[in-house]
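> What would the 3D arrangement of this be:
(one chain, ligands or ions: 1)
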Amino acid sequence: MTAVAAEKYHGTENDFIVVAADAPVADRAAFARTHCDRETGVGGERTGADGVLFLDLDPSASPVRVTMTLVQPDGSIAEMCGNGARITATWAARETGAREVIVETPAGDRHAVVRNEGVTVEMGRPSFEPADVPLARDAGGPLIDTPIEGLTVTAVNTGVPHAVAFVDDVDAVDLTAVAPPVRHAAIFPEGANVTLATRVDLDDDAVEGAPGAPEAYRQRTYERGVEGETLACGTGAVAVVAAARRTGRLDTEGPVRVSPPGGDLVIVVPDDGPATLTGPVEREFATELEVPE
Ligand SMILES: N[C@@H](CCC[C@H](N)C(=O)O)C(=O)O
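Got it, this is the predicted structure:
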């Protein structure tokens, strides 16, 4: 049995196994299915992971470049992952000493800056265009506050598709029950992540890790590829702010604090530039993982 070097990281509790792209893992989907399993996968504080990041570093480039391939627990490959990009930039910074990193993803190149107080990734411009989300051909236009399978959703692509629903209290919703019909709705030919958001009053909620963010939302996301709720989702946090702006719920580009169960993220969605995602990253441990036959 072959084993490969691996590390475990998390960004606001969205946790990933990191493996060098040249490691001898012929069947990446089988590797992810095995080691991400929440009951029998990689050990640590939480067993398993939300995915495996296969990283290919070019330390000679200026800024350094790293190609990120996220293989999810169901074996699928995601085009983008906000928290994964923050982890990738941190990993590249540890390997090279560089603070500025270009993360190459199937959704495009993402510029990242690694600071002690948090990692910021440029996330591209959110798009509501039906072809970009993508929506089914007969959708008839962008999906803005539209009833879909029991939720009122706004569909936006922030690197991956999200169906965002604003609700009175994210904690009062049985996400595992309401999300799957939306995630699999025919209007989303490639599926969608399902993200719930609730505006919160900062007077009632401490502003840790988000100095200067006068607006705040709580967030929960049911992720495609994980097929369950994760403790944080970076593309989902950007989707919350983009959808809040597009639907007239928010009249600032940010910074906006978005808090999934795993911690606080800071989001900016400008009118005429890429959105940014900022938040903490932690390296948990290094290990060796067996490559399934
Ligand atoms: N957790 C991620 C998003 C990962 C991709 C998603 N599951 C999909 O398949 O679209 C994030 O932090 O953005």
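> Write out the residues of the stretch 101-250 of the chain neighbouring the ligand.
Residues of the stretch 101-250 of the chain lying near the ligand by C-beta under 6 Å from any ligand atom: 160, 193, 223, 224, 225, 226, 230, 233, 234, 235. Any C-beta I mention is one placed from the backbone N, CA and C, and that applies to glycine too.
> can you do 8 Å?
Counting by C-beta under 8 Å from any ligand atom, the residues of the stretch 101-250 of the chain close to the ligand are 158-162, 191-193, 221, 223-226, 230, 232-237.
> can you give me the helices for this protein?
Using DSSP state H, the helices of the chain run over 28-36, 82-96, 175-183, 234-246.
> Quick one: the ones you listed as TSV, columns for mean neighbour count and mean pLDDT too.
Listed next are the helices of the chain as TSV, based on neighbours: other C-beta atoms under 10 Å; pLDDT from 0 to 100:
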stretch	mean neighbour count	mean pLDDT
helix 28-36	21	98
helix 82-96	25	98
helix 175-183	17	98
helix 234-246	28	98
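> export these to TSV and tack on distance to residue 285?
Output for the helices of the chain, formatted as TSV (distance: least, C-beta to C-beta, whole Å):
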stretch	distance to residue 285
helix 28-36	13
helix 82-96	13
helix 175-183	29
helix 234-246	22
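> So which of the ones you listed is nearest residue 197?
With C-beta to C-beta as the criterion, residue 197 lies closest to helix 234-246 of these, at 4.3 Å.
> Would you mind pulling up the elements that the closest one packs against?
helix 82-96, strand 151-157, strand 161-166, strand 193-199, strand 215-223, strand 256-259, strand 265-268, strand 276-279 (3 or more C-beta pairs under 8 Å, 6 or more residues apart in numbering; DSSP states H and E).
> counting contacts, what elements does the second one pack onto?
When you say that, I think you mean strand 151-157. Under the contact criterion of 3+ C-beta pairs under 8 Å, 6+ apart, strand 151-157 touches strand 146-148, strand 161-166, helix 175-183, helix 234-246.
> same question, the fifth one
Other helices and strands packing on strand 215-223, by 3+ C-beta pairs under 8 Å, 6+ apart, are helix 175-183, strand 193-199, strand 228-230, helix 234-246, strand 256-259.
> again, but for the fourth one
Using 3+ C-beta pairs under 8 Å, 6+ apart as the contact test, the elements touching strand 193-199 are strand 161-166, helix 175-183, strand 215-223, helix 234-246.
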